[in-house]
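J.: need a structure here:
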Amino acid sequence: MERERIRGENEWAELFTPAPSVQLVQVPLAQLVPWEQADGSPQPFKPYTQEKLAELADSIRQHGVLEAIRVRPRNGKFQILAGHNRSQAAKLAGLTTIPAIVEDVDDDQAALILVDSNLQHREKLLPSEKAWAYRTKLEAMKRQGARTDLTSCQVGTKFRSDETVAESSQDSARQIQRLIRLTFLNPLLLDLVDQEKIGMTPGVELSYLSDNTQDKLLEVMATNGIQKISGKQAKDLRNADSPEKEEIAQILGLIGKQPKPATIKIQPDMSRYPAHVVQRLQKDSVYLAELQTALEAFTDKYLAEKGEN
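T.: Numbers count the residues shown, from 1 in each chain. Here you go, the predicted structure:
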């Protein structure tokens with residue numbers, strides 16, 4: 001009975017003792033690998049410039065690594081979830097190990113850690129970084145069972161996951177939707193948004209163009225040496241029906257618009273006719289067509305007599 005009681009207590013203790021899934025250890029820098037998405041694409045956040053990385057390395061030499069990076073075990077190494085710049089700066093500072101929180105998490109949890117850490121700690125993010133960060137987070141939430149809808153429109157549509165994300169960020173749900181639209185831009189156009197040569201609103205409008213149309217747009221821009229697109233131009237491009245390069249150039253103001261045919265307005269004196277007759281003639285398509293034909297025939301005859309035809 002005593003043995004059974006002890007065994008029962010041990011099983012009860014095991015049931016309520018959490019498994020150690022998080023550990024703080026010193027990880028060799030040589031064992032670190034960068035985070036990448038399941039499809040092999042890189043993380044959405046751009047690395048620090050060499051100047052900023054050197055400043056961080058100097059701080060580490062003086063004070064050490066003040067905040068542990070976050071990693072997870074991955075194929076015999078440690079994949080960085082948060083702290084890519086700290087690990088690079090630590091190498092520049094001459095360290096061989098770095099304090100790290102080791103967490104046993106799946107791909108979606110890893111993506112959420114990566115995004116949340118950068119959104120919270122980075123002072124300024126480029127539009128492209130925010131765009132891919134929010135998309136990565138929402139897609140991870142979708143796989144975890146949250147309700148999402150990434151097919152947003154310029155004016156904003158109603159979906160709950162972006163509202164959930166907005167609660168923990170400085171951007172509104174509508175702004176998150178607009179940022180996510182930027183991920184549908186050609187990378188070269190997205191770079192121009194980062195450089196503020198294309199504004200946020202024009203960028204969103206251009207994101208609705210097909211890949212083929214965006215390629216044509218870039219060709220026209222490169223040929224003519226332009227990098228800026230106005231909101232009106234972007235909207236006109238979106239409203240165009242699969243425009244070819246000539247039409248794209250025309251919308252961008254690179255070639256003159258086709259002049260409208262010259263017209264002469266003729267207003268015959270209809271005062272001698274009853275009002276109801278005039279109203280009926282104005283809506284009579286046969287009468288109007290025959291009148292147009294008669295006017296053209298008279299004009300041809302007149303010009304022929306003047307020797308100008």
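
J.: in stretch 285-295, what's buried?
T.: When burial is assessed from 16 or more other CB atoms under 10 Å, stretch 285-295 yields no buried residues. Just so you know, the C-beta spots here come from the backbone N, C-alpha and C atoms, and that holds for glycine as well.

J.: low-confidence ranges, the stretch 201-309 of the chain, go.
T.: Counting by pLDDT under 70, the stretch 201-309 of the chain shows low-confidence ranges at 256-263, 309.

J.: swap in 80 and give it another go.
T.: Along the stretch 201-309 of the chain, segments meeting pLDDT under 80 span 256-289, 306-309.

J.: and the helices in it?
T.: Counting by DSSP state H, counting those that start in this stretch, the stretch 201-309 of the chain has helices at residues 211-224, 231-239, 245-251, 275-282, 285-305.

J.: nearest to A110, out of those helices?
T.: Between A110 and the helices of the stretch 201-309 of the chain, the shortest gap by CB to CB is with helix 211-224, which sits at 29.2 Å.

J.: reformat the helices of the stretch 201-309 of the chain as JSON lines; add distance to A140.
T.: Listed next are the helices of the stretch 201-309 of the chain as JSON lines, based on distance: least, CB to CB, whole Å:
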{"stretch": "helix 211-224", "distance to A140": "25"}
{"stretch": "helix 231-239", "distance to A140": "30"}
{"stretch": "helix 245-251", "distance to A140": "36"}
{"stretch": "helix 275-282", "distance to A140": "63"}
{"stretch": "helix 285-305", "distance to A140": "60"}
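
J.: what's the closest of the ones you listed to L29?
T.: Nearest of those to L29, taken as CB to CB: helix 211-224 at 39.7 Å.

J.: now stretch 201-218, how far from the chain's geometric center?
T.: Taking CA atoms, centre = their mean, to the nearest Å, one finds the center of stretch 201-218 at 11 Å from the center of the full chain.

J.: same check on stretch 180-200?
T.: For stretch 180-200, the separation from the chain centroid amounts to 7 Å (computed by CA atoms, centre = their mean).

J.: what's the answer for stretch 68-76, then?
T.: Distance of stretch 68-76 from the chain centroid (CA atoms, centre = their mean) equals 29 Å.

J.: same question, stretch 29-39
T.: Here stretch 29-39 is found 24 Å from its chain centre; the criterion is CA atoms, centre = their mean.

J.: which stretch among the helices of the stretch 201-309 of the chain comes nearest A173?
T.: Nearest to A173, of those and by CB to CB, is helix 231-239 at 22.2 Å.

J.: could you dump stretch 189-207 to CSV, C-alpha only?
T.: The C-alpha trace of stretch 189-207 is given here as CSV (Å, rounded to 0.1, in the frame of the first residue of the first chain):
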residue,chain,number,x,y,z
LEU,A,189,8.7,49.2,-56.2
LEU,A,190,8.6,48.3,-52.5
ASP,A,191,12.2,49.7,-52.3
LEU,A,192,10.9,53.0,-53.7
VAL,A,193,8.3,53.1,-51.0
ASP,A,194,11.0,52.6,-48.4
GLN,A,195,13.0,55.5,-50.0
GLU,A,196,9.8,57.6,-49.8
LYS,A,197,9.9,58.2,-53.6
ILE,A,198,6.6,56.5,-53.8
GLY,A,199,4.1,57.3,-51.1
MET,A,200,2.1,54.9,-49.0
THR,A,201,-1.2,55.5,-50.8
PRO,A,202,0.3,55.2,-54.3
GLY,A,203,2.1,52.1,-53.2
VAL,A,204,-1.1,50.5,-52.1
GLU,A,205,-2.8,51.4,-55.4
LEU,A,206,0.1,49.9,-57.3
SER,A,207,-0.1,46.7,-55.3
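
J.: got the contact list for that stretch?
T.: Outside stretch 189-207, the residues within contact range by CB atoms under 8 Å, 6 or more residues apart in numbering are 126-128, 131, 154, 178, 181-185, 214, 217-218, 227-231, 233-235, 237-238.

J.: thank you kindly, that will do.
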